[in-house]
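> Pasted the sequence and its predicted model underneath.
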Number of protein chains: 2
Amino acid sequence: MMMQSETPLLVKRHSGKNQTITMRDVAKSSGFSPATVSIVLNNAPLARYIAPATKKRIEEVAKKLGYRPNAMARFLRSKRSHSVGVMFFDITDPFCTPVLRGIENGLYQSSYVPIFADAHNQRNRFERYLEMLLEHHVEALIVVANWLFVDIQLLADLSKRNITAATIGWEMPGNDVSSVMVDNEAGGRLALEHLHHLGHRKIAFIRGPKMLIDSAPRWKGIQKFAHSAGLEIDPALVLQLPDSFDPNSGFEGGYRFTEELVQRKKRFTALMAFDDLTALGAIRALTKAGVKVPENCSVVGFDDVPLSSLSAPSLTTVRQPLEAMGNLAVNIVMEGVNAGLEKRDWNISRHKMNPELVIRDSTQAAVLSGSDD
Amino acid sequence: MMMQSETPLLVKRHSGKNQTITMRDVAKSSGFSPATVSIVLNNAPLARYIAPATKKRIEEVAKKLGYRPNAMARFLRSKRSHSVGVMFFDITDPFCTPVLRGIENGLYQSSYVPIFADAHNQRNRFERYLEMLLEHHVEALIVVANWLFVDIQLLADLSKRNITAATIGWEMPGNDVSSVMVDNEAGGRLALEHLHHLGHRKIAFIRGPKMLIDSAPRWKGIQKFAHSAGLEIDPALVLQLPDSFDPNSGFEGGYRFTEELVQRKKRFTALMAFDDLTALGAIRALTKAGVKVPENCSVVGFDDVPLSSLSAPSLTTVRQPLEAMGNLAVNIVMEGVNAGLEKRDWNISRHKMNPELVIRDSTQAAVLSGSDD
DNA sequence: GTCAGCGCTTGAAACGATTGAATAAAGATG
DNA sequence: CATCTTTATTCAATCGTTTCAAGCGCTGAC
């Protein structure tokens, strides 16, 4: 039928008429001055004094003419761009999509527009984007960074320019930027508790890379629960992922480390992975080695990224409320924006959201064979 | 809505000094006029005549002062916003992430900023976002829509305002908007050819929903190959997904339909799904029914979304070059933008990208048992 | 009889850049 | 020496809005 684009198709002519309807047009056509039109259409404080009939007239004319305010011109005077920078460290990470959705949705409610930026985990790209966002005078900045390198520049440039910022999935060292995270410690606890309840006692762990801020608290939650439940963690069953900039490297790491664990011939009936991707890697390695999941070994992940419910077997995991986190970040920066507008002071805030255990098919009760406990 | 932010933390004061460095500052500080500064910093045509020493001076001062051009003010005169609208019909679809990456990357090369919009598959949301994008005077619009409803408004509003547009994963009926798609027919052919080469003869098919533009050509490719290879398609082994607005409904559909196929007791050694999600649903159903993939039944998908390589078993599929498609769309609209700038005419173009077969673990040679062929 | 207030509206100055036309000096041409 | 180019820079208008201070024609109060 059709193939490559051999077809000449339509020719777009640059139509000379660039008929934009400006506020002056509305003014002229309604018989009032631009000032009045502006006041009415923005429902500015002064609008209290405008006669209802006038308002009605102006609004009608504006609609009839199809007037659309010019965001740029408006900014020039009011300093409000109605846009927010949304910077990802790597949108490729499945963690990010629901967060993006949450942010988008939150901004939409306030008629703000998101300017999207993706640092590709590169510092210079991050800086260049920051530059561009500043040129576009975003009113706030949201940085999504679960898997990340540190960048202190952020703080300096932003608070100097008085731009509210919030981070998701990461905290600035120091106390200067609002942040939204999951309660990793509680999450670690939840996961291990689940396995323990199912009767598992010999549990392998693949810890997250040192570099990641999530790793330590998750492990802490695990240790705390283990201690309180009298569960012994066998160091020979604990491995730690290496640092990496590739958000999908967890899969590879989970695979390799699980292979290694299996070869060690140390028996374990459950495996707890740092995150979902690692868990999926682990499952593949187990399956390949002839260990059935969950019959012979339970596996639990962390995050509940979108694909976790689709994998085979579907993954038991600790859910981060990603969309809600995106939404919350929007609320936080909006609060900052409004405070700035009203010349109030406001507080930086740091949130730890509650994780939730999602039980699916990759875990089941331990088979009691011999002297397990 | 807030929870555990017990810590009072830092108080952000609205620093009264909003010390923005304007072009006038650079002019004053360098001893030249704003006009000269503008000409130099933009490397405008007139810059040919500016003395090298002057250029150097101005550039130095600009850098020293940390001057950053104000995108809005610039727009007001030059009509160039350096932004592009990027509208998704549903970012939740795993198809979208690589496309977004491709677009982002393409725009970044040209120092354009993407304004992100997600219609959530809702018409009114689409229209509202279109409105917002127009208010922000994006120079072009890219619409990503694999799973979609038709909207004719787009054409009217855009070409009236002379904004270049391109669609990805979908074509406007009529010939008015550029588009980038995969060659679905070739893809369908590739997939079936693969199964045929592996010796499969009894093949089940789950076709895509009627609503989707991709469905028909994929099926056509299948039929054409079947005919040319003398392969018979058993109508009892062909099902078609219902229309739906949920991009992830394919999984559910694949699961249910495959269950049904299995129950029909019609033997098949391979299954070809409309897309990857459908394929994953199918695999789950097969596994649950005790049919091993790929040992007892091969499964092939379409798209190669990011999770396809991570599933168990990893999925053999037909890859769409999603990132490249995003990039191409950027090139197309940029061409349009430049043409408009130079008051040239230019051509709408429609591209069909070549798909690529990716062979992974969900397919293997058919077991020849009895009289298969 | 002046003044303050009222209800409604507007004039005009920004905002920070770009740009076509103008200026000015220096060198080239006849 | 007058005129024309070329080079180097600037003037001033403009883009579409917001916003402050002011204006209007009144009324009622001091």
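Cool, the structure landed. Note that this is a predicted model, so its numbers are computed, not measured. Numbers count the residues shown, from 1 in each chain, chains lettered A, B, ... in the order given.
> pLDDT wise, what is the residue in the stretch 251-373 of chain A that DNA strand C sits nearest to at?
For the stretch 251-373 of chain A and DNA strand C, the shortest gap (Cβ to the nearest atom of the strand) falls at residue A:340, measuring 15.9 Å. Yep, even glycine has a C-beta here, placed from its N, CA and C like the rest. Residue A:340 is assigned 89 on the pLDDT scale.
> Phi, psi for it please.
The phi/psi pair for residue A:340 (degrees, to the nearest 10) reads phi -60, psi -40.
> How about the one 10 residues further on?
Dihedral angles phi and psi of residue A:350 (degrees, to the nearest 10) take the values phi -130, psi 120.
> where does residue A:181 land on pLDDT?
pLDDT, read off for residue A:181, is 96.
> For burial, what's the neighbour tally of it?
Residues near residue A:181, counting by other Cβ atoms under 10 Å in any protein chain shown, number 20.
> what separates residue A:105 from residue B:33, distance-wise?
Residue A:105 sits 47 Å away from residue B:33, going by Cβ to Cβ, to the nearest Å.
> what do you get for residue A:110?
41 Å.
> domains of chain A?
Using automatic domain parsing, the domain parsing of chain A gives A:23-69, A:79-176+A:322-353, A:184-320.
> Give me the distance between the two termini of stretch A:196-210.
End-to-end span of stretch A:196-210 (Cα to Cα, to the nearest Å): 26 Å.
> chain center to that stretch: distance?
Stretch A:196-210 has its C-alpha centroid displaced from the chain centroid by 26 Å (Cα atoms, centre = their mean, to the nearest Å).
> check whether that stretch contacts chain B.
No: applying Cβ under 8 Å from any Cβ of the partner chain, one finds stretch A:196-210 out of contact with chain B, separated by at least 15.8 Å.
> for that stretch, which positions count as buried?
Using 16 or more other Cβ atoms under 10 Å in any protein chain shown as the test for burial, stretch A:196-210 gives A:196, A:198-209.
> ok, back up a step: out of the domains of chain A, nearest to DNA strand D?
DNA strand D sits nearest to domain A:23-69 of all those, at 3.0 Å, using Cβ to the nearest atom of the strand.
> The closest one and DNA strand C, are they touching?
Yes: contact between domain A:23-69 and DNA strand C, assessed by Cβ under 7 Å from any atom of the strand, occurs at A:31-36, A:39, A:46, A:49-51, A:53-54.
> So among the residues you listed, which ones count as buried?
Those of the residues of domain A:23-69 next to DNA strand C that meet the buried threshold are A:32, A:36, A:39, A:50, A:54, by 16+ other Cβ under 10 Å.
> In JSON lines, list these along with pLDDT and secondary structure.
What follows is those, written out as JSON lines (pLDDT from 0 to 100; DSSP: H, G, I helix; E, B strand; the rest coil):
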{"residue": "A:32", "pLDDT": "93", "secondary structure": "coil"}
{"residue": "A:36", "pLDDT": "94", "secondary structure": "helix"}
{"residue": "A:39", "pLDDT": "94", "secondary structure": "helix"}
{"residue": "A:50", "pLDDT": "91", "secondary structure": "coil"}
{"residue": "A:54", "pLDDT": "92", "secondary structure": "helix"}
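> how about the residues of chain A near DNA strand D?
Where chain A comes near DNA strand D, counting by Cβ under 7 Å from any atom of the strand, the residues are A:20, A:22-24, A:34-35, A:38-39, A:41-42, A:44, A:46, A:67-70, A:73-74, A:76-78.
> Can you flag the buried ones in the residues you listed?
In these, burial by neighbour count holds for A:23, A:38-39, A:41, A:67-68, A:70, A:73-74, A:76, counting by 16+ other Cβ under 10 Å.
> mind listing the helices for chain A?
Remark: helices assigned in chain A by DSSP state H are A:23-30, A:34-42, A:52-65, A:71-78, A:96-109, A:123-135, A:153-161, A:184-197, A:215-229, A:249-263, A:276-288, A:322-341.
> among these, which is the most enclosed?
Mean neighbour count (mean count of other Cβ atoms under 10 Å in any protein chain shown) peaks for helix A:276-288 among the helices of chain A, with a mean of 26.
> ok, that one near chain B or not?
Yes: using Cβ under 8 Å from any Cβ, helix A:276-288 reaches chain B at A:277, A:280-281, A:283-284, A:287.
> Now residue A:140. Nearest residue, chain neighbours left out?
residue A:333 (3.8 Å; Cβ to Cβ, 6 or more residues apart in numbering or on different chains).
> Enumerate every residue touching the one you found.
By Cβ atoms under 8 Å, 6 or more residues apart in numbering or on different chains, the contact set of residue A:333 is A:84, A:140-142, A:164-166, A:178.
> now, among these, which is nearest to chain B?
residue A:164 (7.7 Å; Cβ to the nearest Cβ).
> Contact partners for the closest residue to that closest one other than its chain neighbours?
Among residues not flanking residue A:164 along the chain, residue A:336 sits closest, at 2.9 Å (Cβ to Cβ, 6+ apart). Residues near residue A:336 by Cβ under 8 Å, 6+ apart: A:140, A:164, A:178, A:346, B:12.
> and the residues you listed, which of them are in strands?
Of the positions in these, A:140, A:164, A:178, A:346, B:12 sit in strands, assigned by DSSP state E.
> Out of these, grab the one that's most surrounded.
residue A:178 (29 neighbours).
> That residue is in contact with residue A:166, isn't it?
Yes: counting by Cβ atoms under 8 Å, residue A:166 is a contact partner of residue A:178 at 4.3 Å.
> Please enumerate the shared neighbours of these two.
With Cβ under 8 Å, 6+ apart, residue A:178 and residue A:166 have common neighbours A:329, A:332-333.
> Now compare the buried residues of stretch A:196-210 and name the two farthest from each other.
Pairwise distances across these peak at 30.2 Å for A:199 and A:209 (criterion: Cβ to Cβ).
> looking at it, residue A:180 is touching residue A:331, isn't it?
No: between residue A:180 and residue A:331 there is no contact under Cβ under 8 Å: 9.6 Å.
> Identify the residues contacting the residue found closest to residue A:250 once you drop the neighbours it is linked to in the chain.
In space, and not counting its chain neighbours, residue A:250 is closest to residue A:277: 3.8 Å by Cβ to Cβ, 6+ apart. By Cβ under 8 Å, 6+ apart, the residues touching residue A:277 are A:94, A:247-248, A:250-251, A:254, A:301, A:305, B:310.
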